[in-house]
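Q: got a sequence here, can you build the structure:
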Amino acid sequence: MEVHDREIFLGTLDPVTVSRDGTEVLIQRFIPSAFLRKEKRNFGPLVLLEVTTYLAEQFQGLQAVSYLLSREIELHGDGMKVALARSALLQAIGAEAVAISPRPDSETPGNFVVQGVWAYNERNLAALWHCLERERAIYRQWDAAVETGQSIVVLRDRLRQLLARGPGFRGGEAAD
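A: The predicted structure is shown next:
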């Protein structure tokens, strides 16, 4: 499954497995394009949320999306920190059975697999939309900062303020 932002190719989800009856989808890995590899921002959370929203809206028989996130993260720093962020995102959208385990076949030490299952229901849809809107706001602010020539330091401060004002997360559920 290819992922685009208008005319820009962002990358590929590979593989995406669909159950025979079309009720379950398994997302395993996002392979970023050359464009994304040059960017200094992390598109992963936004791509994951956009794809999950697309699946939930376009496939009426969908009951669950399973995640098995295991891409090598050598360019992004501490593997456990990235795994914890992925786990928190899955929990925030209502995924259950979220677990982190070491990636045994990794070429780089410190890589982890994060897995979970997001069930299609009203509560999880609301949590998904909440998280998606937050990620979209972050990227709109990033784009606005780039267009006006603001420094990355100013942008980070603005993003911290946005996140501090927004609803927090408790116990793996989006807080109201």
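Q: so how far is Q141 from the residue nearest the centre of the chain?
A: For the chain, the residue lying nearest the average C-alpha position, counting by C-alpha atoms, centre = their mean, turns out to be P45 (2.4 Å). Relative to Q141, P45 is positioned 15 Å away (C-beta to C-beta, to the nearest Å). (Glycine included, C-beta is placed from N, CA and C.)
Q: surely L36 and F43 touch.
A: Yes - contact status for L36 versus F43: in contact at 5.6 Å, counting by C-beta atoms under 8 Å.
Q: shared neighbours of those two, anything?
A: Common contacts of L36 and F43, defined by C-beta atoms under 8 Å, 6 or more residues apart in numbering, comprise L10.
Q: re the thing from before, let me know the secondary structure of the residue nearest to the centre of the chain.
A: For P45, the assignment made with DSSP: H, G, I helix; E, B strand; the rest coil gives helix.
Q: which residues touch it?
A: With contact taken as C-beta under 8 Å, 6+ apart, P45 is in contact with A85, L89, C131, E135.
Q: please, which helix or strand holds the closest residue to L125 other than its chain neighbours?
A: Using C-beta to C-beta, 6 or more residues apart in numbering and skipping the chain neighbours, the partner closest in space to L125 is A56 (6.4 Å). Element membership of A56, judged by DSSP states H and E, is helix 44-58.
Q: so what touches the helix or strand that that helix is followed by?
A: Tracing the chain past helix 44-58, the next element assigned as helix or strand by DSSP H and E is strand 64-69. Residues from elsewhere that reach strand 64-69, judged by C-beta under 8 Å, 6+ apart: 23-29, 48, 52, 55-56, 86, 90, 95, 113-120.
Q: residues near the closest residue to E135 other than its chain neighbours, how many?
A: The shortest distance from E135 to any residue other than its chain neighbours is 4.5 Å, reached at L46 (C-beta to C-beta, 6+ apart). Here the count is done by other C-beta atoms under 10 Å, and L46 has 20 residues near it.
Q: buried ones in the helix holding A56, by neighbour count?
A: Buried residues in helix 44-58, defined by neighbour count with 16 or more other C-beta atoms under 10 Å: G44, P45, L46, V47, L48, L49, E50, V51, T52, T53, L55, A56.
Q: what angle separates it from strand 64-69?
A: 160 degrees (axes from the mean of the first three to the mean of the last three C-alpha atoms, to 10 degrees).
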